[in-house]
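Chemist: Requesting a structural model of the entry that follows:
(one chain, ligands or ions: 1)
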Amino acid sequence: MSQYWSKLVHSLTPYVPGEQPKINNLIKLNTNENPYGPSPKVIAALQKEAADSLRLYPDPNSDGLKQAIAEYHGLNANQVFVGNGSDEVLAHVFNALLKHDKPILFPDVTYSFYPVYCGLYEIEFETVPLNDAFEIKVEDYFKANGGIIFPNPNAPTGRLLALPEIERLLKNNTESVVVIDEAYVDFGGESAVALVNRYPQLLVTHTLSKARSLAGLRVGYAVGHPDLIDALHRVKDSFNSYPLDRFAQAGAIAAMQDKSYFEEMRQRVIETREKLVNDLESLDFEVLPSGANFIFARHPQYDAEALAASLRDQKVIIRHFKKPSRIAQFLRITIGTDEECQALVKALKNTLKI
Ligand SMILES: Cc1ncc(COP(=O)(O)O)c(C=O)c1O
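Modeler: A predicted model of the protein is given here:
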């Protein structure tokens with residue numbers, strides 16, 4: 001604490017990202033990164049960008065990237081907003097579209113950055129409990145609100161909400177913005193992007209960090225009605241003109257255009273997930289159905305924190321959310337390669353003495 005801090009800073013509870021360990025040889029299944037590298041076409045685009053032109057500022061509007069994203073989704077470029085990771089896109093969304101008189105709504109178990117943005121932008125929120133099966137029930141959101149946001153699939157549960165349910169929510173919530181955070185949708189979900197031309201209050205956010213293996217490049221985007229996108233640009237241009245550097249723009253364009261690599265990699269992750277779910281179930285874990293590149297699981301006899309610690313001793317790191325809550329006995333495990341997941345199962349067998 002310092003006397004020089006702005007008043008707001010004293011009240012902030014910043015987000016704590018999953019560990020990025022400095023130790024080598026760990027099997028890292030804790031931050032939902034992709035176990036496979038990006039497309040070779042992305043690497044080639046980045047290498048080409050390492051040139052004299054770096055002395056010049058990048059395109060402040062990222063027009064080429066917006067066009068590539070628009071083409072990928074069959075939309076117009078004026079329906080696309082891009083940012084430095086979807087975290088930055090989400091920050092602007094909270095500031096530009098979710099700050100109203102009424103509280104915004106999001107699930108009680110969800111991406112823990114949402115309450116942090118509310119703290120930063122002084123937005124009131126109400127959490128809406130998931131049901132006992134950790135599912136979102138859209139009718140629970142049919143009430144006055146300043147906006148609604150949740151990930152689909154939800155994080156950290158991995159549970160998917162079917163598209164007709166999202167449409168039912170939109171039909172019953174026309175007065176405020178509904179944000180669907182689709183960071184993980186490519187691992188088995190049906191995207192709400194299909195609905196943006198019909199619902200002007202719908203905004204869908206995506207990231208290149210997960211299915212496109214580019215967590216290190218920091219690119220995310222939002223798609224929706226041009227009026228929503230306009231609000232995001234007004235905030236972005238009051239904050240940072242150049243959030244995406246030349247590398248990020250060039251690499252992201254190549255990633256959006258290489259559809260076959262993307263298809264192959266996401267299929268691989270989905271196949272490994274199905275194998276890992278079977279393996280964990282055969283060790284008596286309860287695994288929530290997952291549409292993401294991670295699973296959320298608990299063991300009826302073993303304490304989650306102790307399991308996570310034992311795995312770490314065996315050089316496998318996964319994520320355990322310590323806060324006392326109804327997810328305290330769950331482990332969130334990122335899908336790695338087949339070999340990494342086998343190493344995890346082996347380490348679990350050691351711990352469970354099977
Ligand atoms: C639900 C959800 N949304 C958004 C993000 C942010 O991703 P990024 O900033 O890498 O695009 C994450 C990251 O893990 C996430 O879990």
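Chemist: For the rest of this, base every contact and every neighbour count on C-alpha atoms.
Modeler: Will do.
Chemist: which residues sit in contact with the residue nearest the centre of the chain?
Modeler: The centre of the chain sits closest to residue 183, judged by C-alpha atoms, centre = their mean, with a distance of 3.5 Å. Neighbouring residues of residue 183 by C-alpha atoms under 8 Å, 6 or more residues apart in numbering: 86, 151, 152, 205, 206, 207, 210.
Chemist: Could I get the pLDDT score of the second one?
Modeler: So the one you mean is residue 151. Model confidence at residue 151, given as pLDDT, is 98.
Chemist: could you measure it against residue 161, distance?
Modeler: Distance from residue 151 to residue 161, counting by C-alpha to C-alpha, to the nearest Å: 9 Å.
Chemist: the more surrounded of those two?
Modeler: residue 151 (24 against 19; other C-alpha atoms under 10 Å).
Chemist: excluding its backbone neighbours, what's nearest the more buried one?
Modeler: Excluding the flanking residues, the one nearest residue 151 by C-alpha to C-alpha, 6 or more residues apart in numbering is residue 181, at 4.1 Å.
Chemist: Give me the distance between the one you found and residue 298.
Modeler: The gap separating residue 181 from residue 298 is 25 Å, by C-alpha to C-alpha.
Chemist: Now do the end-to-end distance for stretch 133-152.
Modeler: 15 Å.
Chemist: How far off centre is it?
Modeler: Averaging C-alpha positions (C-alpha atoms, centre = their mean, to the nearest Å) puts stretch 133-152 17 Å from its chain's average.
Chemist: And stretch 327-337, by the same measure?
Modeler: Taking the mean of its C-alpha atoms, stretch 327-337 sits 15 Å from the chain's own mean (C-alpha atoms, centre = their mean).
Chemist: residues making contact with it?
Modeler: Taking C-alpha under 8 Å, 6+ apart as the rule, stretch 327-337 contacts 28-36, 109, 156-157, 269, 272-273, 293-299, 303-305, 308, 318-322, 341.
Chemist: Name the residues that touch the one helix or strand residue 249 maps to?
Modeler: In the assignment (DSSP states H and E), residue 249 maps to helix 246-257. Applying C-alpha under 8 Å, 6+ apart, the contact partners of helix 246-257 are 38-39, 41-43, 45-46, 49-50, 54, 57-59, 62, 64-65, 68-69, 72, 208, 212, 217-219, 262.
Chemist: switch the cut-off to 7 Å
Modeler: Residues outside helix 246-257 that contact it (C-alpha atoms under 7 Å, 6 or more residues apart in numbering): 39, 41-42, 45-46, 49, 58, 62, 65, 68-69, 72, 212, 217-219.
Chemist: of these, buried ones?
Modeler: Buried members of those, scored by 16 or more other C-alpha atoms under 10 Å, are 39, 41-42, 45-46, 49, 58, 62, 65, 68-69, 212, 217-219.
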